[in-house]
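Visitor: Show me how the following folds:
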Amino acid sequence: MPSKQTVDNDAEELLQSPEGLELKGNLSFSRLNPLAGELARDTKQPQLCGWITGIAYAIVHDDGKNSQYGPFNRIIGEFFALPWNRSVEITATEMFLPGTAERFVVAAVEKGGTCPIRFEGWAFPDTSGRKGGTGYVYKVFLRQPPGVLSAARRMAIECGIIDAPLPPPALALEEMDPETGELADGLAELLKGGAKKPVEAPEDVAAE
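Guide: So this is what the prediction gives:
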């Protein structure tokens, strides 16, 4: 029979060695890159915060009586996040979003029960000239999967407002090895999404 000291040691080892993914709370783009806002303000250049994906399940409304920020919404769900430098993978169960993106998610959840999250967050210098501001604003960009059109864009195509996107070009024969049929160096990696491009600020803002 193991001694009490052995049992205590085993219990302590278990407590020091958790398994599974730690579930984070209070996820936000400002937490993914805490310096992004100040850098955007001081350098006058947009700064990448990171990426958040997942599914929003519910909205918890708080009247803000115990918060210095006033009323707010806590978005509950299953979320995966990467900070701007991809230094760590984060699994979270709750998050906060800037105004327009938050209102979109709240409306979607309250109408349909869940809402997919495919967001990229940036801090931009605030050029509005408003008094008492921080000098920067957070903006959220929607990352649509390749080839997937939003409902609004599909309707624009159906109405003839814009043209349907062209299908991806077929591979040229010279891009394949004639003997093995393998793709040329670098092409296979690019098609699999492995080739990474330099991160640049998106041109079209989805939400602030």
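Visitor: what does the longest helix along the chain contact?
Guide: Longest helix of the chain, by residue count under DSSP state H: helix 99-112. Under the contact criterion CB atoms under 8 Å, 6 or more residues apart in numbering, helix 99-112 has outside partners 56-59, 73, 75, 96-97, 114-115, 117, 119, 140, 206-208. Glycine gets a C-beta too; all of them are placed from N, C-alpha and C.
Visitor: So among those, which ones count as buried?
Guide: 56, 59, 73, 75, 96-97, 115, 117, 119, 140, 206-207 (16 or more other CB atoms under 10 Å).
Visitor: May I ask which helix or strand of this protein has the lowest mean pLDDT?
Guide: Every helix and strand in the chain was compared by mean pLDDT, DSSP states H and E; the lowest is helix 187-191, with a mean of 49.
Visitor: Give me the distance between the spatially most central residue of the chain and I75.
Guide: Closest residue to the average C-alpha location of the chain: I52 at 2.1 Å, with CA atoms, centre = their mean. For I52, the distance to I75 equals 10 Å [CB to CB, to the nearest Å].
Visitor: Likewise for T43?
Guide: 30 Å.
Visitor: Repeat that for D42.
Guide: If you go by CB to CB, the gap between D42 and I75 works out to 30 Å.
Visitor: Next: A36.
Guide: A36 is 20 Å from I75, by CB to CB.
Visitor: Parallel or antiparallel, which strands does the strand ranked longest in the chain pair with?
Guide: Using DSSP state E to define each element, the chain has its longest strand at strand 47-62. Using DSSP bridges, strand 47-62 pairs in its sheet with strand 72-83 (antiparallel), strand 115-125 (antiparallel).
Visitor: Quick one, which of the ones you listed gets closest to P18.
Guide: P18 lies closest to strand 72-83 among the strands paired with strand 47-62, at 19.0 Å (CB to CB).
Visitor: quick one: the closest one to chain centroid distance?
Guide: In terms of CA atoms, centre = their mean, to the nearest Å, the gap separating the centre of strand 72-83 from the centre of its chain is 9 Å.
Visitor: could you list every residue that touches the closest residue to G25 other than its chain neighbours?
Guide: Spatially, and ignoring its direct neighbours in sequence, G25 is nearest to E94 (4.9 Å; CB to CB, 6 or more residues apart in numbering). Neighbouring residues of E94 by CB under 8 Å, 6+ apart: 25-27, 60, 74-77, 79.
Visitor: give me the low-pLDDT residue ranges for this protein?
Guide: 1-17, 21, 24, 168-208 (pLDDT under 70).
Visitor: try it again with 50
Guide: Within the chain, the ranges that satisfy pLDDT under 50 run 7, 173-176, 187, 190-197.
Visitor: which residues does A58 contact?
Guide: 75-77, 109.
Visitor: Which positions within stretch 95-106 qualify as buried?
Guide: Using 16+ other CB under 10 Å as the test for burial, stretch 95-106 gives 95-98, 101-102, 104-106.
Visitor: Pick the one among those residues closest to Y69.
Guide: F96 (9.7 Å).
Visitor: Nearest residue to the closest one in space, please, no chain neighbours.
Guide: Closest to F96 by CB to CB, 6+ apart is S28, at 4.5 Å.
Visitor: All good on my end, thank you.
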